[in-house]
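*Asks:* here's a sequence, model it:
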Amino acid sequence: QVQLVESGGGLVQAGGSLRLSCAASGRTFSGYAMGWFRQAPGKEREFVATISWRGGITSYAVSVKGRFSLSRDNAKNMVYLQMNSLKPEDTAVYYCAARDGLVVTTASDYWGQGTQVTVSS
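*Replies:* The predicted structure follows:
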C-alpha cells in the first residue's frame, strides 16, 4: 500500500520556521516528482513547491519563493520542506504529493493526509 505521511506541522509565530517532512513508502518512487500543496480554510488547494527525482528541477509558488526550500533524500524516500520567515497567510493544511513525472500537479498520483501549519501574528 502506497503511503505518503507528513509530519512537522504545528503552531509558530510569524517570522518563525518549520520543517515539514514527508515519508513515502509502499513502492519505488524512482522517477517520481515530489512536492507540496496547501489548502487554507475556504480556499482551493494551491501549489507550493515541486522537485524532480534527481533534484535538478525545482519550482516554487511566487508566494513562498525565497522563504521555502524543498529537498529530498531518495535513499530514505523522504522529502523535506524548510519554511522560513513564516507569515500568517501561510496558515494551511500542507499536503505531500508524488507524481510519475518531472513535477507534481493537482493530478498527482499519490497524496498524503496533510499536516496543519498555523502561523500566529
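
*Asks:* is the residue minimising distance to the centre of the chain in a bridge, and if so with what?
*Replies:* Closest to where the C-alpha atoms of the chain average out (CA atoms, centre = their mean) is residue 36, at 2.6 Å. Counting by DSSP bridges, residue 36 is bridged to residue 49, residue 96.

*Asks:* surely it and residue 98 touch.
*Replies:* No. Between residue 36 and residue 98 there is no contact under CB atoms under 8 Å: 10.8 Å. C-beta coordinates here come from the backbone N, C-alpha and C atoms, glycine included.

*Asks:* where do the strands sit along the chain?
*Replies:* 3-7, 10-13, 18-25, 32-39, 46-51, 58-60, 68-73, 78-83, 92-100, 110-111, 115-120 (DSSP state E).

*Asks:* turn those strands into TSV, including mean pLDDT.
*Replies:* Below are those laid out as TSV (pLDDT from 0 to 100):
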stretch	mean pLDDT
strand 3-7	97
strand 10-13	98
strand 18-25	98
strand 32-39	98
strand 46-51	98
strand 58-60	98
strand 68-73	97
strand 78-83	98
strand 92-100	98
strand 110-111	98
strand 115-120	98
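
*Asks:* hang on, the earlier thing: what do residue 36 and residue 98 both touch?
*Replies:* residue 104 (CB atoms under 8 Å, 6 or more residues apart in numbering).

*Asks:* thanks a lot, see you next time.
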